[in-house]
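Student: predicted model and sequence follow; I will ask about them next.
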Amino acid sequence: MNTPLSSSYLLLTGSAITLAIALSGCGNSKMEKVPKVTASYACQTAIDGCKRFTLLHTNDHHGRFWHGSDGAYGMAARKTILDQIRKEVAEQGGETLLLSGGDINTGVPESDLQDAEPDFIGMNHLGYDAMAVGNHEFDNPSTVIDKQRAWSKFPWLSANIYRQVDGEWQRYFEPYKLFEIQGLKLAVVGLTTEQTAEIGNPEYVADFKFTPAQAEAKEILAELEQKHHPDLVFGLTHMGHYENGNHGSNGPGDVALARSLEPGQIQAIIGGHSQLPVCMEEDTGKYVADYGRDDPCKPDRQNGTWIMQAYEWGKYVGRADFEYYGGKLHLAKYALVPVNIETKFGTYYPVHMQTPKDKETLELLRPYQAKGQLKLREEIGVAKADFIGERDIVRYQATPLGIMLAHAQTQLPVQADFGIMNSGGIRTTIKKGAIRYRDVLEVLPFSNSVSVMEMKGAELKKYLSKVALMTRGSGAFAHFSGIKMTVDCKAKDVDISAVGNKPFKLEEHYRFTLPSYNAAGGNNYPKLKEKARDTGFIDADMLYQFIKKHDTLDPADYDTAKDVSYINASSSYGCDS
């Protein structure tokens, strides 16, 4: 009998998360016991013939194999949590699968400089069973992809990526993987956003074809039924979750996929790409606002399919406890299990309450971290003079450093027409002389990803009439590159004359970049919500690549503050409050 589960049964509660585990062998008597989530099952194997299993998942890892400076996330603490969950599930007669929603590459220099070898070696050690292929797996040439696949002891899954072999298009990755769990045959089908063809590096994606995921899913499901007759089918995707399927300028995501199939044809979708904790309000189709580590999490439910995503970077491990009885699948409990991450109040978990880091994992990954740290001393370029980044200057006038940062972030695989950089994101000066990778991280320490947005001229004029008026002295004060305009501080309007050295036209479409922080409404910028696309490229990494390409940089080449003039203001440098 498929009876609906109560919300208290389905969701992780605050009291459940306070239950503790004892970490055997940690050897630290002062260490407080750490949070865990216990399984809660409605059925009994002896009575109902119930089969129990747990799917664990992460996504959008982006190079975070090592923990942060405050001890947050990291593979070593994740290993401790995974081991505890696996032990607990096994003791209750269940089995586990560990899945990744993709995007292992790009985001942390220690990883990027080593082609993400520590990340894939770490995933083997943590026992991943499969991963979806993410768009950022194509940040590298196919020779690196092949090397990474060889490192991986688990399959990379994607049914909708093809490459020509002897003139014939063939799938480049395995489309699905079959698992036997509790006597059940589970099929895990991989799918990748078809938009990879547009947002990937043209040099690296040119030889590939990314077909529509929805059509490919139907074909694979028919093949599975004909050849294998699986009891259950799960999607493992890197397509993104968008409220009520409103994907804006992004490619169709998991909601659109679920709605395109027969009800419940895929039991659950484990996703990635949009880098969200997919925790939904009751019956609204909207996300829970300001999700925090102790909050309950209800996955989305569309057309009979559960849709799950565990934020990003391994900050959480998604945990779905399933039961199969009466010929149907039931979700007993779902939770996002935190990995030493911040609370919703913006503070980090105290060190004495953090999940202990698995020692074997630390020792496995420590040499990679040390090697990466050594590479950060690499000299990547030369500054002919100081690029000034002092707070009391960059927040009061556009400087060559801010303009260069805005320009560097436009250098995506598909280049943007102009760039915006908030002054609050600029933290120090690049001094005259040798520039090292570490200098880049000091200028841009927040690891903000870069968002790209496309707007018609008329809409862009309205948007910039708010952004360009952000006042001097605030972190919101904007630096621009690639656009010429006059800002009327009194009329609160802008007159755009040119974008990318071409005359501005209201009917034309323009692409621009800005930090994801601002795209999400940070510094009181207008929220772009799902309209802006998070490229996944990290600001510091883009600056690193930019400096390496140009070798010698001169502030005089970026002294274009005059391209944006301010009128009806007490200062020619910007608007005042």
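Tutor: Received it, and whenever you're ready, just let me know what you need.
Student: for residue 412, phi and psi?
Tutor: Main-chain torsions, residue 412, degrees, to the nearest 10: phi -80, psi 170.
Student: wait, it sits on residue 450?
Tutor: Yes - the pair formed by residue 412 and residue 450 meets the contact definition of Cβ atoms under 8 Å, at 7.4 Å. Where you see a C-beta, it was placed from the backbone N, CA and C, and this is true even at glycine.
Student: give me the common contacts of the two.
Tutor: With contacts defined as Cβ atoms under 8 Å, 6 or more residues apart in numbering, the residues shared by residue 412 and residue 450 are 513, 535, 537.
Student: do a quick rundown of the strands in the stretch 451-577 of the chain.
Tutor: With DSSP state E, counting those that start in this stretch as the criterion, the stretch 451-577 of the chain has strands at 478-481, 483-488, 493-499, 502-503, 509-515, 533-538, 552-553, 564-567.
Student: and those strands, which is most packed in?
Tutor: For the strands of the stretch 451-577 of the chain, the stretch with the most neighbours on average is strand 478-481, a mean of 26; neighbours defined as mean count of other Cβ atoms under 10 Å.
Student: just how off-centre is that one within its chain?
Tutor: With Cα atoms, centre = their mean, to the nearest Å as the basis, strand 478-481 stands 25 Å off its chain's centre.
Student: so which elements touch it?
Tutor: helix 400-408, strand 418-422 (3 or more Cβ pairs under 8 Å, 6 or more residues apart in numbering; DSSP states H and E).
Student: what does the last one contact?
Tutor: With contacts defined as Cβ under 8 Å, 6+ apart, strand 418-422 is touched by 402-403, 405-410, 467, 470, 475-483, 499-500, 510, 512-515, 517-518, 522-523, 525.
Student: equivalent analysis for the longest one, please.
Tutor: Applying Cβ under 8 Å, 6+ apart, the external contacts of helix 400-408 come out as 387-389, 394, 418-421, 423, 425-426, 429-430, 443-444, 479-482, 513, 539, 542-543, 546, 553, 555-561.
Student: on that earlier part again, out of the shared contacts of residue 412 and residue 450, flag the one nearest to residue 272.
Tutor: Of all those, residue 535 has the smallest distance to residue 272: 14.6 Å, by Cβ to Cβ.
Student: that closest one: what's it in contact with?
Tutor: Contacts for residue 535 were tallied using Cβ under 8 Å, 6+ apart; they are 199, 412, 449, 450, 451, 452, 513.
Student: got a quick PyMOL command for the buried subset of these?
Tutor: The PyMOL command for the buried members of the contacts of residue 535 (criterion: 16 or more other Cβ atoms under 10 Å) is given here:
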select buried, resi 199+412+449+450+451+452+513
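Student: out of the contacts of residue 535, which one sits closest to residue 309?
Tutor: For those, the minimum distance to residue 309 (Cβ to Cβ) is 16.2 Å, reached by residue 449.
Student: where does the stretch 251-400 of the chain have low pLDDT?
Tutor: Segments of the stretch 251-400 of the chain classed as low confidence (criterion: pLDDT under 70) are 344-348.
Student: let's see that with 90 instead.
Tutor: Where the stretch 251-400 of the chain drops to pLDDT under 90, the residues are 251, 264, 274-276, 282-285, 289-295, 326, 341-353, 375-378, 391-392.
Student: would you map the helices across it?
Tutor: For the stretch 251-400 of the chain, applying DSSP state H, counting those that start in this stretch gives helices covering 254-260, 359-375, 391-394, 400-408.
Student: helices or strands up against the first one?
Tutor: Which is helix 254-260. By contact count (3+ Cβ pairs under 8 Å, 6+ apart), the secondary structure elements abutting helix 254-260 are helix 213-227, strand 232-238, strand 268-270, strand 300-302, strand 305-308.
Student: make a markdown table from the ones you listed and add distance to residue 434 to it.
Tutor: Compiled in a markdown table, these are given as follows (distance: least, Cβ to Cβ, whole Å):
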| stretch | distance to residue 434 |
| --- | --- |
| helix 213-227 | 46 |
| strand 232-238 | 39 |
| strand 268-270 | 45 |
| strand 300-302 | 50 |
| strand 305-308 | 47 |
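Student: right, and these - which one's nearest residue 148?
Tutor: Distance to residue 148, taken as Cβ to Cβ, is lowest for strand 232-238 among those, at 15.1 Å.
Student: that closest one pairs with which strands?
Tutor: According to DSSP bridges, the neighbouring strands of strand 232-238, each with its direction, are strand 184-192 (parallel), strand 268-270 (parallel).
Student: could I get these in CSV, plus columns for mean neighbour count and distance to residue 215?
Tutor: What follows is these, written out as CSV (neighbours: other Cβ atoms under 10 Å; distance: least, Cβ to Cβ, whole Å):
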stretch, mean neighbour count, distance to residue 215
strand 184-192, 24, 11
strand 268-270, 28, 16
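Student: and of those strands, who's closest to residue 491?
Tutor: Relative to residue 491, the nearest member of the strands paired with strand 232-238 by Cβ to Cβ is strand 184-192, separated by 46.8 Å.
Student: packing partners of the next helix or strand after the closest one?
Tutor: Where DSSP states H and E defines the elements, the next helix or strand beyond strand 184-192 is helix 196-199. Counting contacts by 3+ Cβ pairs under 8 Å, 6+ apart, helix 196-199 is packed against strand 208-210.
Student: what about 10 Å?
Tutor: Secondary-structure packing of helix 196-199 (3 or more Cβ pairs under 10 Å, 6 or more residues apart in numbering; DSSP states H and E): helix 202-205, strand 208-210, strand 533-538.
Student: ok, residue 543 - contacts?
Tutor: Contacts here follow Cβ atoms under 10 Å, 6 or more residues apart in numbering; on that basis residue 543 touches 380, 404-405, 408-409, 411, 430, 435, 437, 439-441, 443-444.
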